[in-house]
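# mind folding the following:
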Amino acid sequence: MTIHRIRLLGDPILRAKCEPITKPRSTAVRVIMDDMRETLRDWQSRFGSGRAIAAPQIGAPVRVINVEMDQPWTLINPEIIDIGNEDFEVWDDCFSFPNLLVRVSRAHRIRVRYQDLKGEWTEVEVEGDRAELLQHEIDHLDGVLAVDRPQGLDPFCLREEWHRLHGPGGRYGPPESRSETYATSL
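Predicted structure coming up:
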């Protein structure tokens, strides 16, 4: 297992549409997943934040996401197959531009289809912070970043300025301060 550097805004791999995984149980996929997990855990231990990582953020242009919230969760070839009709705004941040927050609109509820570590297809419906997180990570797999989805007037804020104005746990703050109800409905 290797801890990789996180690819930063401007790196062309972040704009690539990632290739589907054809052999989810292969050793190569297992190595990528292990590296993603170790890289995310390293970030969490150093910065005290971070809920998920997408493969292109470590330089692997394949469709894999690793989530570390309540328990580890790997999604291979994830796709959003249904979107609810309620949206909300949230200040989004990203490992790939760690000092910038972007106000984006996300669906409150989504249904996602993905393969698990055995290659079996599964569907799950998520809402709130999990829905927001999966939309963010699946966007990464399509070469889309939060900076491509700004909403409202003045949709960008430097993290330092956010903390100066609102404090680290300010209303509708960065993901490390969010709870289940953290954003405004539209």
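
# the spatially most central residue of the chain in helix, strand or coil?
With distances taken as Cα atoms, centre = their mean, Glu137 lies nearest the centre of the chain, 3.3 Å away. Local secondary structure at Glu137 is given as helix here, using DSSP: H, G, I helix; E, B strand; the rest coil.

# please save the CA atoms from stretch 147-157 in CSV.
Only the C-alpha atoms of stretch 147-157 are listed here, as CSV (Å, rounded to 0.1, in the frame of the first residue of the first chain):
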residue,chain,number,x,y,z
VAL,A,147,-15.5,24.7,-9.2
ASP,A,148,-17.6,23.8,-12.4
ARG,A,149,-20.8,24.0,-10.4
PRO,A,150,-20.8,27.4,-8.6
GLN,A,151,-24.2,28.6,-7.4
GLY,A,152,-25.5,32.1,-6.4
LEU,A,153,-23.7,35.4,-5.9
ASP,A,154,-20.1,35.2,-4.7
PRO,A,155,-19.9,31.3,-4.7
PHE,A,156,-16.2,31.0,-3.9
CYS,A,157,-14.6,31.5,-0.5
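
# buried stuff in that stretch?
147, 149, 155, 157 (16 or more other Cβ atoms under 10 Å). The C-beta positions use only the backbone N, C-alpha and C, and glycine is treated the same way.

# of those, which is the nearest to Glu86?
Of all the buried residues of stretch 147-157, Glu86 sits closest to Arg149, with 17.1 Å by Cβ to Cβ.

# burial of the residue lying closest to Cys94 once chain neighbours are set aside, as a residue count?
Nearest residue to Cys94, sequence neighbours excluded (Cβ to Cβ, 6 or more residues apart in numbering): Ala146, at 5.8 Å. Neighbourhood size, Ala146 [other Cβ atoms under 10 Å]: 26.

# circling back to that earlier point, closest one to Pro61 out of the buried residues of stretch 147-157, please.
Nearest member of the buried residues of stretch 147-157 to Pro61, counting by Cβ to Cβ, is Val147, at 19.2 Å.

# just list whatever residues bridge to the spatially closest residue to that closest one that is not a sequence neighbour.
Distances taken as Cβ to Cβ, 6+ apart put Val102 closest to Val147, at 5.6 Å, once the chain neighbours are dropped. Beta-bridge partners recorded for Val102 (DSSP bridges): Asp92, Phe156.

# numbering from 578 from now on, please.
All right, first residue 578 from here; so that's Val679.

# check whether Val679 really touches Asp731, as I assumed.
No: using Cβ atoms under 8 Å as the test, Val679 is too far from Asp731 to be in contact (10.9 Å).
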